[in-house]
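In: Sharing a model that was predicted from the sequence below.
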2 protein chains.
Amino acid sequence: MSKKNAFYAQSGGVTSVINASACGVIEACRANSDKIGKLYAGQNGIIGALQENLIDTGKESAAAIASLLHTPGGAFGSCRYKMKDIKDSRAEYERLVEVFKAHNIGYFFYNGGGDSADTCLKVSQISEQMGYPIQAIHIPKTIDNDLPFTDCCPGFGSVAKYVAVSTKEASLDIASMCASSTKIFILEVMGRHAGWIAASGGLAAENAGDPPHIIIFPEIPFVREEFVAKVAATVKEKGYCVVVASEGAKYADGALISGSLHKDAFGHQQLGGVAPTLASMIKHSLGYKYHYALADYLQRAARHISSKTDVEQAYAVGRAAVEKALEGKSAIMVTIERGSAKKYSWSLGEVCLSNVANVEKKMPRSFITKDGFGITQEARDYLQPLIVGEDYPPYKNGVPQYAKLKNNLIEKKLSSSFSGD
Amino acid sequence: MSKKNAFYAQSGGVTSVINASACGVIEACRANSDKIGKLYAGQNGIIGALQENLIDTGKESAAAIASLLHTPGGAFGSCRYKMKDIKDSRAEYERLVEVFKAHNIGYFFYNGGGDSADTCLKVSQISEQMGYPIQAIHIPKTIDNDLPFTDCCPGFGSVAKYVAVSTKEASLDIASMCASSTKIFILEVMGRHAGWIAASGGLAAENAGDPPHIIIFPEIPFVREEFVAKVAATVKEKGYCVVVASEGAKYADGALISGSLHKDAFGHQQLGGVAPTLASMIKHSLGYKYHYALADYLQRAARHISSKTDVEQAYAVGRAAVEKALEGKSAIMVTIERGSAKKYSWSLGEVCLSNVANVEKKMPRSFITKDGFGITQEARDYLQPLIVGEDYPPYKNGVPQYAKLKNNLIEKKLSSSFSGD
């Protein structure tokens, strides 16, 4: 029996460490070249597989692959292409299996969040039904940290570190200026449905009363009066107030704070309008001068301040995916498990993909203080280990040196083409 | 003759390295304790002097002072208090000299931008007229890099590095996603009047055609049609477009881009609305999905990614201020001079404050490409050395450990009080 080839693709929003997972997959495949043939990567994620645009990772030098460990973004391209439901679009899944078959691909490593876990499961099932069984392994990745069964998600720890560090630094700035100038600083962070990222801003505080003074979570219905009162009390006590707000913050009726007030000049709804909206409320009710920052992609791309713990975990889940495939496993997601001792430790595990699909892990209420504006010690104990350690990229002329891959496409074998949208 | 005491104050917007200058001043004073008595710092800048709120820096340990070298913000507090014109408010200057006299202060070290240079000059002049001559030395600081006579301004190099690194990282993110999702990324940066900070985004590009593809300078009148056309051409060629935009960008008639379209829900003019306005233009004309980031205070507080060159220069100008005072100099600003060789080198110099006041250094037109959307090799040659080198702060539990000073106030000696606004 000839060796099977393998396929790897990146899915959804990229992170500062998704390439570390790619590095883990590629290096593990190379270390097992007696068992795995070529490793192809999807150009722009799963779209690359559907369109038979396969990158030959074998053309990249060992040094180039090693440099993925410190390179943010998605080195092979990612996509926001969600495979349709299997009932509506069986042809799409069949096309995937056809492409895999044409290139003798027996291993499918899919690196993404909840949607890609679902796709991964279906590829495993349909390929079996089609008589060409593919071992499909899901490699977790999401800055939202909302995948179930894994203690944390690669990508999150680095965003958490970025938000904690940025909050701490900006707080020192505002504290210096508040006597005669700006009294309010708001940092808007990502996290549409879960407050994990906003919560990590709380790690900026070493002692009770340290900034940030207010955290706005999507899990806690926003009440304007309570928010304004808390800001007023904080400024009275501290002279200034630092707020970390999740982009997904909403009112009790589910309406997004960002969507409720702001449209741009052309009538388009603004993305990421939580910070200016909160700032307006404060200005209107209390009159304080404010500043706000919107970190947006900077937070998930900031490899220069990635968490070493996160980088190591991202690499490890990539390697483990290959090793588990070689153990004959399929339809699983690699998980990160936390040791039970007080001192943080982690190891790798796995979970059946059928359990993962469509489950979203929100912040437990016990992680949020009673007043809804801060994190508890329990949250701190969970979050802090994930941001520990620095893992700086190499620099030249003052800027980081990131990987540059050749990304050579292999020749297509199928005559038919496929057009995703 | 008894030893004179010294006074140090921070002025205006703080930076990630203004405390490095403070560290230089304090360590130099301590090294010259045979000639200089106590060193007081103004609580919240010059307001501290006017209100006789003087911090005794002598109460801080050598280790605490050394840690200022890696601590952002203003450790003693800064302020946006501009001393009024001498004709309108001679009393204010006289009050300053009175406070200095009461505390036997003979040296005034003022750490700020253009306004504080002017104040520094006037204190020198009036104190002489009042028969209590004070040696007033200005220590340059401004992220805007717009002070004349000095090759660069401490604080700028670190913001430039932050913007270059962030632009490079976010560009990798957007490049990964553009095939199926966001095609436009805009980073809005500081710089009301001069485009130095926006220009530094250009250092993210190592080769021609690398992102950022468009830089918007305050020096170049903005023409919407040209901007939109350049975005369209870039997306056509590269698949995506990265824009770095100065908050001070304006139309030919001087109207700010940010001010021309956006008011918040309460009718207040929005600060920093350049990015959303540009994004709206693109969405409206071309329909592309966009993201934007507003770095705001994060950029000037980001000590975690400060330029080593900048940190060293900031420290050096602080030390030099003390040394020049001890040489008997007054009414000068310490300057940074660039060596004439191709390989970057710098040394310290000085300039009379009477030459500095009210001169603003803008970007030379030769630093900006002909089409107005990029930087030239000349700009690159100037900017690049300023961001070279990393100088990481120490970390504990995943976050930087920044200085915590006692900031003990000394007893007041004057019965009268002064109320600044």
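Out: Looks like it arrived, so ask away.

In: Put the alpha carbons of stretch A:233-247 into PDB.
Out: In PDB, the C-alpha atoms belonging to stretch A:233-247 read as follows (Å, rounded to 0.1, in the frame of the first residue of the first chain):
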ATOM      1  CA  ALA A 233     -17.600  56.800  41.200                       C
ATOM      2  CA  THR A 234     -14.300  55.600  39.700                       C
ATOM      3  CA  VAL A 235     -13.300  59.100  38.600                       C
ATOM      4  CA  LYS A 236     -14.200  60.500  42.000                       C
ATOM      5  CA  GLU A 237     -12.000  57.900  43.700                       C
ATOM      6  CA  LYS A 238      -9.100  57.500  41.300                       C
ATOM      7  CA  GLY A 239      -9.200  60.600  39.200                       C
ATOM      8  CA  TYR A 240      -9.600  58.600  36.000                       C
ATOM      9  CA  CYS A 241     -11.400  55.500  34.700                       C
ATOM     10  CA  VAL A 242     -10.100  52.800  32.300                       C
ATOM     11  CA  VAL A 243     -12.700  50.600  30.600                       C
ATOM     12  CA  VAL A 244     -12.200  47.500  28.500                       C
ATOM     13  CA  ALA A 245     -15.200  46.800  26.400                       C
ATOM     14  CA  SER A 246     -16.100  43.800  24.300                       C
ATOM     15  CA  GLU A 247     -17.400  44.500  20.800                       C
END
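
In: Pull out the buried residues from that stretch.
Out: Within stretch A:233-247, the residues that count as buried by 16 or more other C-beta atoms under 10 Å in any protein chain shown are A:234-235, A:238, A:240-247. Every C-beta, even on glycine, is put in place using the N, C-alpha and C of the backbone.

In: so which of these are also by chain B?
Out: Contacts with chain B are made by none of the buried residues of stretch A:233-247, judged by C-beta under 8 Å from any C-beta of the partner chain.

In: Restricted to strands, list those.
Out: If you go by DSSP state E, those have A:241-246 in strands.

In: follow-up on the earlier one: out of the buried residues of stretch A:233-247, which comes closest to chain B?
Out: A:V242 (10.1 Å; C-beta to the nearest C-beta).

In: what residues does the stretch 101-250 of chain A put near chain B?
Out: A:161, A:164-166, A:168-170, A:172-177, A:179-181, A:185, A:187, A:203-204, A:206.

In: Now which of those would you call buried?
Out: A:161, A:164-166, A:168-170, A:172-177, A:179-181, A:185, A:187, A:203-204.

In: still on that earlier bit, looking at the buried residues of stretch A:233-247, which is nearest A:K38?
Out: A:E247 (40.6 Å; C-beta to C-beta).

In: And that closest one, how far from B:A117?
Out: Using C-beta to C-beta, to the nearest Å, A:E247 is found at 41 Å from B:A117.

In: Out of the buried ones among the residues of the stretch 101-250 of chain A next to chain B, which sit inside helices?
Out: With helices taken from DSSP state H, the overlap with these comprises A:161, A:164-166, A:168-170, A:172-177.

In: how near is A:T369 to chain B?
Out: To chain B, A:T369 is 20 Å away according to C-beta to the nearest C-beta, to the nearest Å.

In: ok, now which ones touch the closest residue to that residue other than its chain neighbours?
Out: In space, and not counting its chain neighbours, A:T369 is closest to A:T376: 5.7 Å by C-beta to C-beta, 6 or more residues apart in numbering or on different chains. Contacts for A:T376 (C-beta atoms under 8 Å, 6 or more residues apart in numbering or on different chains) come out as A:366-369.
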